[in-house]
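[1] after the sequence you'll find the predicted model.
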Amino acid sequence: MIRKLNRMKGLVAGLLSAFMVLGAVAVAPMGLQANDLPVPNISVDTDDVLTWNAVGAPEGAQITIIANHATTILGATTALTGSINLRQHFTTGTHNIQVQVSYGAETRTNSINWTPTFENSNQLVAPPNPRVDASNVLRWDTVANATSYRITWGNHQIDVIQNHWNIDFSLFTQGQSVTFSIVAMAQGLTPSAAATVTWVVTDATMPTPTISITPAGLLTWTGAGAQIVRLYRNNSAIWTSEAAITQIDLTDHTQVIGIGDQNIQIRFLNANGTPASNLSNTAVVNLTGLLPAPTGVAITGNTLSWTAVPNAVGYRVYVGGTQRTTQNITGTEFNLATLNLSNADHNIQVRAMGNSTTTRNSPLSTGINFRPGAVGTPTNVNIAGTNLSWTAVSNAIGYRIYVGGTARTTGTEITATNFNLATLNLAIGTHEVQVRALGNNTNTFDSALSTAVNFEVTIITLDAPANAHLRDTTVLHWDAVPGTRGYTIYVGGAVRSAPTTATHFALGTLSLAAGEHSIQIRALGNNETTLDSPLSTPVTFTVGATLPPGELPSLWAQEMVTTAVNAGLVPQQLRINFTQATTRAEFAALSVALYETVMGYTIMGRMQFNDTIDVNVQKMGYLGVVLGVGGGNFAPNDPLTREQAATMLARLADAIGQPLPMTPAAFPDNSAIAPWAIVQVGQMQGAGIMVGADGGMFMPQGPYTREQSIVTLLRLFDIVR
């Protein structure tokens, strides 16, 4: 009996142990085995939305979506039915999409091959994953090729270039439910469909402030110390502090508060501008009888002056917002030297004092900067478009521009009294701009910063290049566009060039067919603060019949000579007699055509020779491409030799600024090449410009025909253009 009892105890213990092990793994519900998992049903509609259905899978089963056997585009989710827009992940190509349902160690998979239905469309993808994060910032994933995004809700619309927006709580009320719609945009592409997200304005996290206002208009609060504060009048936000403060002098805000009884409230804010408290209690202020702030505040030397305020019993001077004169000043001038200020910038303001019975103290005047021992502070600072201007300061040796208190022009100082702010490439937004006059640091010091002016930078479309015209028949010129990063050339509405920073372009480099062509230019933006311009007014460029009838070059040279003529490299008088020997003057004319086409401007310098007044010879002499034959002569009508041609071509490449690599000459008749030409002949051979005559010989003293001259100049053109 005892043995049977012990055996039963052992059996029970074993069963308990097994049960504990089973308890550590997932167990399918009664009547459903793990290997009975359903294969998920999947489909993709014409909008590229993948839908899955794994109904029948046990509770706790998970869905995973994998693309191309490698990329997880949806992590494990317990949603047994659902959908996802595949356009958020792929825009082109064919992809294998797998949907897996798993439970315990069991997995069932279904897959489908999918190609985006819109891959040949120019519509942008809807912004993926729209959300509002814990810091109350609206965010979404970046959309390829998008240059900006449009956010809308209700009757509001905001355009941004980044993939987030710091929500402005002044536009909403506590507890409000808001649905944001986000659309991706780019020039030349169709805007995306809208992505939406709903957000509820979060509750406040700090105690509600309790405010009180003194008869003099000083607002204080209880419930917290120094805070970032937003001020409300009659339930509307009118001002927000830039930093944490402990009180507000309402007399400094009379323009937005007004006179008569006004209901005032405040709210504490977080550092990112989101509400940190509910609105305070309401306190009433009446600023009737408030004196106006002094105007006409100016500083000459150390003398501060202002315009008298009617009914003022005196004035007080403030430095950096702190009162520095404790007794009323009865006049309208004050000697700042008596304050013993340091040699630094100081913001000076004046307050008119009331009699405390029928008149109240004024708000502080507009501030003016002062630096002891300095030259005068620039005045009349103004912005028109992107042009910043100011009045000249006596004894200043120059000026420096400050943005947000930071110097943005250093090194070469500005000596004019204007400056193009577009050259600073400032970010989108409002920027505070100031000017400082510079002293000589011997008996004068730099001035205080001028009164600040605001400069608004928005994303703008650049102006189309103006004054497009042809010069020398084949070189397109136009006026520079401020703020551009470069230009592209369009022919017949299609882009035909890589970006260039120059304001000219040699149309011969495009190898256009014979006939008329419509040429336009587009200025390129940076896609952050500037967008590409519209196309310029078209210019008609005619590629004429390339060669006169009956005046064809040799068969081997016809195609290259035709290309050179179309590129504007062959003067009209040299488009005949192609097998005739080239003279030294004719080769100079061909060289001038190549140089001016590549460089985009006319050579203005001249070098005189005794035996010719040919302007092309004089131009090439000025550049050092030709040196003459001695005694101040050039011998313009002498036949050009092959070694002379090699030397001129090498010097021409040097003059253009693209010298050819040094390569030793390797012709069988090297010994016949003059010492003064051997290096340049090697450069020509190495660059493939002159490859030798019959039998591989160079024949340095042999004549050089017009067609040979044109072909080798075209080869050099292809290298240096």
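    Arrived safely.

[2] domains of this protein?
    Following automatic domain parsing, one finds the domains of the chain at 34-114, 131-200, 210-286, 298-370, 382-458, 469-543, 555-720.

[3] export these as JSON lines, with columns for distance to Pro292.
    For the C-beta atoms, the positions are set from N, CA and C on the backbone; glycine is no exception. Compiled in JSON lines, the domains of the chain are given as follows (distance: least, C-beta to C-beta, whole Å):
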{"stretch": "domain 34-114", "distance to Pro292": "59"}
{"stretch": "domain 131-200", "distance to Pro292": "28"}
{"stretch": "domain 210-286", "distance to Pro292": "8"}
{"stretch": "domain 298-370", "distance to Pro292": "6"}
{"stretch": "domain 382-458", "distance to Pro292": "19"}
{"stretch": "domain 469-543", "distance to Pro292": "39"}
{"stretch": "domain 555-720", "distance to Pro292": "61"}
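
[4] which of those has the lowest average pLDDT?
    Of all those, domain 34-114 carries the lowest average pLDDT, namely a mean of 81.

[5] which ones are touching the residue nearest the centre of the chain?
    Closest to where the C-alpha atoms of the chain average out (C-alpha atoms, centre = their mean) is Glu528, at 3.4 Å. By C-beta atoms under 8 Å, 6 or more residues apart in numbering, the contact set of Glu528 is 161, 427-428, 459.

[6] got it, and Ile329?
    Ile329 neighbours (C-beta under 8 Å, 6+ apart): 314-317.

[7] go again using 6 Å as the cut-off
    314-315 (C-beta atoms under 6 Å, 6 or more residues apart in numbering).

[8] partner residues bridging it?
    Tyr315 (DSSP bridges).

[9] equivalent analysis for Ser83, please.
    Thr51.

[10] tally up the residues packed near it, please.
    For Ser83, the neighbour count with other C-beta atoms under 10 Å is 14.

[11] re the thing from before, let me have the contacts of Glu528 in JSON lines, adding distance to Leu438 and neighbour count as columns.
    What follows is the contacts of Glu528, written out as JSON lines (distance: C-beta to C-beta, whole Å; neighbours: other C-beta atoms under 10 Å):
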{"residue": "Ile161", "distance to Leu438": "36", "neighbour count": "15"}
{"residue": "Ala427", "distance to Leu438": "27", "neighbour count": "10"}
{"residue": "Ile428", "distance to Leu438": "30", "neighbour count": "17"}
{"residue": "Ile459", "distance to Leu438": "34", "neighbour count": "17"}
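
[12] output those in JSON lines; the columns should cover distance to Leu449 and secondary structure.
    Shown next, in JSON lines, are the contacts of Glu528 (distance: C-beta to C-beta, whole Å; DSSP: H, G, I helix; E, B strand; the rest coil):
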{"residue": "Ile161", "distance to Leu449": "30", "secondary structure": "coil"}
{"residue": "Ala427", "distance to Leu449": "21", "secondary structure": "coil"}
{"residue": "Ile428", "distance to Leu449": "24", "secondary structure": "coil"}
{"residue": "Ile459", "distance to Leu449": "28", "secondary structure": "coil"}
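
[13] may I ask which two of those are separated the most?
    Of all pairs drawn from these, the greatest distance, 10.4 Å, lies between Ala427 and Ile459 (C-beta to C-beta).

[14] how about the helices in this protein?
    Assigned by DSSP state H, the chain shows helices spanning 2-22, 254-257, 558-566, 584-599, 615-623, 642-656, 678-687, 706-720.

[15] need the ones you listed in TSV with mean neighbour count and distance to Arg471, can you?
    Shown next, in TSV, are those (neighbours: other C-beta atoms under 10 Å; distance: least, C-beta to C-beta, whole Å):
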stretch	mean neighbour count	distance to Arg471
helix 2-22	9	91
helix 254-257	16	56
helix 558-566	19	18
helix 584-599	23	9
helix 615-623	21	16
helix 642-656	23	18
helix 678-687	21	29
helix 706-720	21	18
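
[16] and these: which comes nearest Tyr402?
    helix 254-257 (26.2 Å).

[17] distance between that closest one and the chain's centre?
    Taking C-alpha atoms, centre = their mean, to the nearest Å, one finds the center of helix 254-257 at 38 Å from the center of the full chain.

[18] what's in contact with it?
    With C-beta under 6 Å, 6+ apart, helix 254-257 has contacts from 233, 238, 287, 290, 363.

[19] repeat that for 10 Å
    217, 231, 233-234, 236-239, 250-251, 262, 264, 285-287, 290-293, 360, 362-363 (C-beta atoms under 10 Å, 6 or more residues apart in numbering).

[20] also stretch 660-668?
    Contacts with stretch 660-668, where a contact means C-beta under 10 Å, 6+ apart, come from 646, 649-650, 652-654, 670, 673, 677-687, 689-693, 695-700, 716, 719-720.

[21] cutoff 8 Å now
    650, 653, 673, 678-679, 681-687, 689, 692, 695-698, 719.

[22] ok, Pro659 - contacts?
    650, 653.

[23] and the gap between it and Ala506?
    Noted for Pro659: a distance of 20 Å to Ala506, by C-beta to C-beta, to the nearest Å.

[24] related to what we said a few turns ago, weed out the non-buried ones from the contacts of helix 254-257.
    217, 231, 233, 237-239, 250-251, 262, 264, 285-287, 290-291, 293, 360, 362-363 (16 or more other C-beta atoms under 10 Å).
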